[in-house]
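Undergrad: The following block contains a protein sequence and its predicted model.
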Amino acid sequence: MTDQVQVDPVWAGGLSQRAGGSGSSGDWILRDCSLQLPRAALTAIVGPSGAGKTSLMYCLSGLDRPHEGRVLLDGTDIYGLGRERRAKYLRSTVGFVFQQYNLISYLNVEENVLLPEQLAGRRVPREQVTAMLTQFGLQDKRETAASALSGGEQQRVALCRAMLLRPSIVFADEPTGALDSANSQLVLRILRDLTVQGTTVVMVTHDIDAAALADRVVFMRDGSITGVSGRLDSDAILTRMRQLPVTGAASRGN
Ligand SMILES: Nc1ncnc2c1ncn2[C@@H]1O[C@H](COP(=O)(O)OP(=O)(O)OP(=O)(O)O)[C@@H](O)[C@H]1O
């Protein structure tokens, strides 16, 4: 019999970051941030503009090495890996979705979804692509150029691309930021469905209604995590955001 050790998919300890990246001597933009997130949950990171939400997500997801601190994804210390091994590990573990979709406008839906794998010299079975396009309601758009899609469709293509290799963790930076209400609902429903299937989803959002759908809400201000809660309704999230203490993140010596 083997012991099943339950590992948090996202664990961060003592993350601090300077403007301009880990090697820079810029101002502190993240200060001693620690958190652990449960598997198969939707987490929203909220806070005022400039609070450090995107910076935290970039450090958590391997896009930006922190000046100090550690990040474990599925139990692996990602910044303890060399650059190549980290890239390989992240490719198989993490998916990314951004506000601006990052699609190539003249490529069609299928080509956009497959692009990262093609650039990496890997083939994806056609049935797998078909299954993913169907899951995201894009089966009829397979050969449509990205430039001819609505914003909601483009974001679904970006989600499909992020999920193609079934990553266990998805990081989304303002995934509904450029969408109207109906398309926001659709994208949020897809993110929720992913958690039901076992994926851990972490999103940065200004959208309080989106945050109210999250299982966990991380509150930030001035580069610090000021609180973590379970599910809250929109009013409670707004109230907690207004009550956040000012922590003076930039006060530590430079
Ligand atoms: N590369 C950089 N160089 C200089 N300053 C930076 C850099 N990246 C971020 N900052 C600063 O760090 C702070 C946090 O930025 P960040 O984008 O993480 O905040 P945010 O909470 O995501 O903001 P928003 O909600 O407006 O997107 C801001 O004051 C920002 O100007």
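TA: Cool, got the structure. None of the values given here were measured: they were computed from a predicted structure.
Undergrad: Can you pull the phi/psi pair for the one residue sitting closest to the centre of the chain?
TA: Central residue check for the chain by C-alpha atoms, centre = their mean: the C-alpha nearest the mean position is that of Phe171, 1.3 Å away. In this entry, Phe171 is assigned phi and psi values of phi -110, psi 130 (degrees, to the nearest 10).
Undergrad: So which residues on the stretch 1-150 of the chain come close to the ligand?
TA: Counting by C-beta under 6 Å from any ligand atom, the residues of the stretch 1-150 of the chain close to the ligand are Ala19, Gly20, Gly26, Ile29, Gly47, Ser49, Gly50, Ala51, Gly52, Lys53, Thr54, Ser55. The C-beta positions use only the backbone N, C-alpha and C, and glycine is treated the same way.
Undergrad: So the second one sits against Ser55, correct?
TA: No. Contact criterion C-beta atoms under 8 Å: Gly20 and Ser55 do not qualify, at 11.0 Å.
Undergrad: More neighbours: these two, which one.
TA: The residue with more neighbours, out of Gly20 and Ser55, is Ser55; 23 against 12, by other C-beta atoms under 10 Å.
Undergrad: which SS class is the more buried one?
TA: Recorded secondary structure, Ser55: helix (DSSP: H, G, I helix; E, B strand; the rest coil).
Undergrad: Now do it against His67, distance only.
TA: Ser55 sits 11 Å away from His67, taking C-beta to C-beta, to the nearest Å as the criterion.
Undergrad: Now do the contacts for Asn108.
TA: Taking C-beta atoms under 8 Å, 6 or more residues apart in numbering as the definition of contact, the neighbours of Asn108 are Arg142, Glu143, Thr144, Ala145, Ala146.
Undergrad: nearest to the ligand, of the residues you listed?
TA: If you rank these by distance to the ligand using C-beta to the nearest ligand atom, Ala146 comes first, at 24.3 Å.
Undergrad: how about the helices in the stretch 151-254 of the chain?
TA: Assigned by DSSP state H, counting those that start in this stretch, the helices in the stretch 151-254 of the chain fall at 151-163, 181-196, 208-211, 234-243.
Undergrad: List the buried residues for stretch 193-212?
TA: Residues of stretch 193-212 classed as buried under the neighbour-count rule (16 or more other C-beta atoms under 10 Å) are 194-195, 199-205, 207-208, 210-212.
Undergrad: State the pair within those that is farthest apart.
TA: Distance extremes for the buried residues of stretch 193-212: the farthest pair is Thr199 and Ile208 at 23.1 Å, using C-beta to C-beta.
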